[in-house]
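> The sequence isn't on hand, but the structure is:
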């Protein structure tokens, strides 16, 4: 009986691994490395890479800049409506990206909620790079904020209290104690959010469109090219696989130094007193 | 006035802690069982917990006054708080921990606390005693007007506690600052403090020197915390100036205290001697017969339980008398060492 269970479990694991590995393998087997380099020099690929890097960098910077202090407040303060805010922050996580795109369009589109006001001010958001940035930020933000709240919650209250009794105001407590102690968790969530942002497709194509050199990011380029020039689509695919693998490896390494940084200061002394 | 004056009501878990206490240039210990709200008092003084009402004044500065609506933030109170677990910053070296509150005196403090050789070490590499010295140095770097210590020896191993306690007592005395420490351990309080306040169920029962607390405890709570054994009985005056107490567990003892009716008999373990037979001509008037219930080694002494009584004797006596659990013995103590307290309240330890 135990042997049978073990065999079934081993088979399930093997099937799952094969299922995940096969498409990745196919990606690399379909394209000889030489063709890959050739495809990587195509204008579609290079334009998409530039758009992706630029919009992701800006969106990610915004998410970090706004998300970090927000997560700190959500983690350390108890206020009425906190649970509601936490739920709201996580909403994009369960929303289909296409719905997020439609929602963004309804809010910022030319004749929509805010779009009219913005248009009167001479600002057009829809189908520009700004729209890509908004779509990416909207979709990736919960990945960062959720992890950041958890990272700040894990910081020992006494350490923050100690910093205050040592004369540090709230700003200094945040910068010198909370931020360094949560750094590991923040970095891990940041990497996860960045990956999600780089892969963002649904909200972007609806809200920003897919204009080469303007709003066409790498995932959009894959979609645009897979019928006309499959090699370029494959080249972009392999790039994503490699970048993703590196990111996951870094994430696996991150918890090791997160733990050592946020460990409780008190453990029963392992060594005896001097 | 360089003193810490506290008059507070602080909400603790499920009850209020009320406390009025002046701490001059001395060390005062608040001692009480776990959950008596001791830590809450320290946090309130440091500004980390908000009192329901009251006033905190230190060195002429008002830190909190519910009537005048003064409530200074923790960083605006010149206070050094040493946390129970020390709360050292794990990501900073010893040197940077100490320098967090003020860089000017770091070298001086590292030298004075004998931790210069650890300057670059991280807190996790330190022993309990070393962590305590770092925490104390860090608290003092800001040159506080008052020092607060939360359970200063609780985080230490039993075998390092006595040494660290002596060292800490000396350091705190040298500072000449108003120091308030809280502990559940009367030995800590007696060793470190000039005066001891007993805090039970949110209420300050008695404040006195450790010697006075032992000599004349206000009630059974205080007596138990000070290490005394309490046995219930009923007192009756006799003609010759003694009080006779019939113990509820059986037997009769005599006391020079005056009382009648239900009482608690207080005897300190160090005033009880043990023998195999009652000796008629010795000065002890009280003899309680019974088998040894348990033996517990405490340092170089042994606590022997005989019925409801506890005797503290040397390990040598235990060997000489051949004491073992079940062996019948006689516990003897003087009538003058037998104190009688009203039997109103007993400490549930």
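Perfect, I can see it now. Worth saying up front: this structure is predicted, and the values here are computed from it rather than measured.
> Now residue B:10: which helix or strand?
If you go by DSSP states H and E, residue B:10 is part of strand B:4-11.
> hmm, that strand touching chain A?
No - remark: strand B:4-11 sits outside contact range of chain A, by C-beta under 8 Å from any C-beta of the partner chain, the gap being at least 14.5 Å. Backbone N, C-alpha and C define where each C-beta goes, glycine included.
> mind checking how far residue A:110 is from residue A:116?
As judged by C-beta to C-beta, to the nearest Å, residue A:110 and residue A:116 stand 7 Å apart.
> now residue B:20
66 Å.
> Same question for residue A:204.
Shown here: residue A:204 relative to residue A:116, a distance of 22 Å by C-beta to C-beta.
> Neighbour count for the two, which is higher?
The residue with more neighbours, out of residue A:204 and residue A:116, is residue A:204; 29 against 12, by other C-beta atoms under 10 Å in any protein chain shown.
> Check what contacts the strand holding residue B:10 and list those residues.
For strand B:4-11, the surrounding residues in contact (C-beta atoms under 8 Å, 6 or more residues apart in numbering or on different chains) are B:16-23, B:37, B:40-41, B:44-45, B:49, B:51-59, B:64, B:145-146, B:178, B:180.
> what do you get if the cut-off is 7 Å, keeping everything else the same?
B:16-23, B:37, B:40-41, B:44-45, B:49, B:51-58, B:146, B:178, B:180 (C-beta atoms under 7 Å, 6 or more residues apart in numbering or on different chains).
> Restricted to strands, list those residues.
Cross-referencing the contacts of strand B:4-11 against strands under DSSP state E gives B:16-23, B:53-58, B:146, B:180.
> where does the chain have low pLDDT?
Going with chain A. Low-confidence segments of chain A (pLDDT under 70): A:1, A:115, A:254-274.
> That was the other one, I meant chain B.
B:1-2, B:280-282, B:344-349.
> the helices in it, which residues?
B:38-46, B:94-98, B:106-112, B:128-140, B:158-175, B:186-192, B:210-215, B:220-225, B:315-321 (DSSP state H).
> For those helices, give me TSV that also has distance to residue A:53 and mean neighbour count.
What follows is these, written out as TSV (distance: least, C-beta to C-beta, whole Å; neighbours: other C-beta atoms under 10 Å in any protein chain shown):
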stretch	distance to residue A:53	mean neighbour count
helix B:38-46	49	24
helix B:94-98	37	25
helix B:106-112	45	17
helix B:128-140	45	26
helix B:158-175	57	15
helix B:186-192	61	21
helix B:210-215	71	17
helix B:220-225	68	24
helix B:315-321	77	14
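> can you put those in TSV and add distance to chain A?
Formatted as TSV, these follow (distance: least, C-beta to the nearest C-beta, whole Å):
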stretch	distance to chain A
helix B:38-46	5
helix B:94-98	9
helix B:106-112	13
helix B:128-140	4
helix B:158-175	4
helix B:186-192	16
helix B:210-215	25
helix B:220-225	25
helix B:315-321	23
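> out of those, which comes closest to residue A:210?
Closest of those to residue A:210 is helix B:94-98, at 51.6 Å (criterion: C-beta to C-beta).
> what's that closest one packed up against?
helix B:106-112, helix B:128-140 (3 or more C-beta pairs under 7 Å, 6 or more residues apart in numbering or on different chains; DSSP states H and E).
> if we can go back for a sec, just the buried members of the ones in strands among the contacts of strand B:4-11?
Listed as buried from the ones in strands among the contacts of strand B:4-11 are B:16-19, B:21, B:23, B:54-58, B:146, B:180; burial here means 16 or more other C-beta atoms under 10 Å in any protein chain shown.
> filter those by proximity to chain A?
Residues of those in contact with chain A (C-beta under 7 Å from any C-beta of the partner chain): none.
> Chain A contacts on chain B?
With the criterion set to C-beta under 7 Å from any C-beta, chain B comes near chain A through B:46, B:48, B:74-75, B:79, B:81, B:83, B:85-91, B:100-101, B:123-124, B:127-130, B:138, B:142, B:155, B:157, B:160, B:163-164.
> Now, of these, which are buried?
Neighbour counting by 16+ other C-beta under 10 Å classes B:46, B:48, B:74-75, B:79, B:81, B:83, B:85-91, B:100-101, B:123, B:127-130, B:138, B:142, B:155, B:160, B:164 among those as buried.
> residue nearest the centroid of chain A?
residue A:193 (1.1 Å; C-alpha atoms, centre = their mean).
> where's the helix or strand harbouring residue A:35 relative to the chain centroid, distance-wise?
Counting by DSSP H and E, the element that carries residue A:35 is helix A:33-40. The chain centre lies 28 Å from the centre of helix A:33-40; the measure is C-alpha atoms, centre = their mean, to the nearest Å.
> Could you list the buried residues of the helix or strand just after it?
Once the chain leaves helix A:33-40, the next helix or strand it forms, by DSSP H and E, is helix A:43-76. By 16+ other C-beta under 10 Å, the buried positions in helix A:43-76 come out as A:44-45, A:47-49, A:51-52, A:55-56, A:58-60, A:63-64, A:67-68, A:70-72, A:74-76.
> Helix A:43-76 vs helix A:33-40, what angle?
Counting by axes from the mean of the first three to the mean of the last three C-alpha atoms, to 10 degrees, helix A:43-76 lies at 80 degrees to helix A:33-40.
> is helix A:43-76 anywhere near chain B?
No - using C-beta under 7 Å from any C-beta, helix A:43-76 stays clear of chain B, with a minimum separation of 13.4 Å.
> Output the contacting helices and strands for the next helix or strand after that helix.
Downstream of helix A:43-76, the first helix or strand assigned by DSSP H and E is helix A:82-94. Where contact means 3+ C-beta pairs under 7 Å, 6+ apart, helix A:82-94 is packed against helix A:43-76, helix A:129-153.
> Can the next helix or strand along the chain from the last one be said to contact chain B?
Helices and strands here follow DSSP H and E; after helix A:129-153, the next one along the chain is helix A:157-165. Yes - in this structure, helix A:157-165 sits against chain B according to C-beta under 7 Å from any C-beta; the contacting residues are A:158, A:159, A:161, A:162, A:163, A:164, A:165.
> The first one and residue A:181: what is the separation?
Distance, residue A:158 to residue A:181, by C-beta to C-beta: 12 Å.
> Of those two, which one has the most company?
Using other C-beta under 10 Å, the more surrounded residue of residue A:158 and residue A:181 is residue A:181, with 24 against 20.
> and the more buried one, that's in a helix?
Yes - with DSSP: H, G, I helix; E, B strand; the rest coil as the criterion, residue A:181 is part of a helix.
> which ones are touching residue B:195?
Residue B:195 neighbours (C-beta under 7 Å, 6+ apart): B:26, B:28, B:207, B:208, B:209.
> Filter those residues down to the buried ones.
B:26, B:28, B:207, B:208.
> among these, which are in strands?
Those of those lying in strands (DSSP E): B:28, B:207, B:208.
> From those residues, pick the one nearest residue A:247.
Set against residue A:247, the nearest of those by C-beta to C-beta is residue B:28 (57.0 Å).
> Next, give phi and psi for residue A:118.
Note on residue A:118: backbone dihedrals following degrees, to the nearest 10 are phi -60, psi -40.
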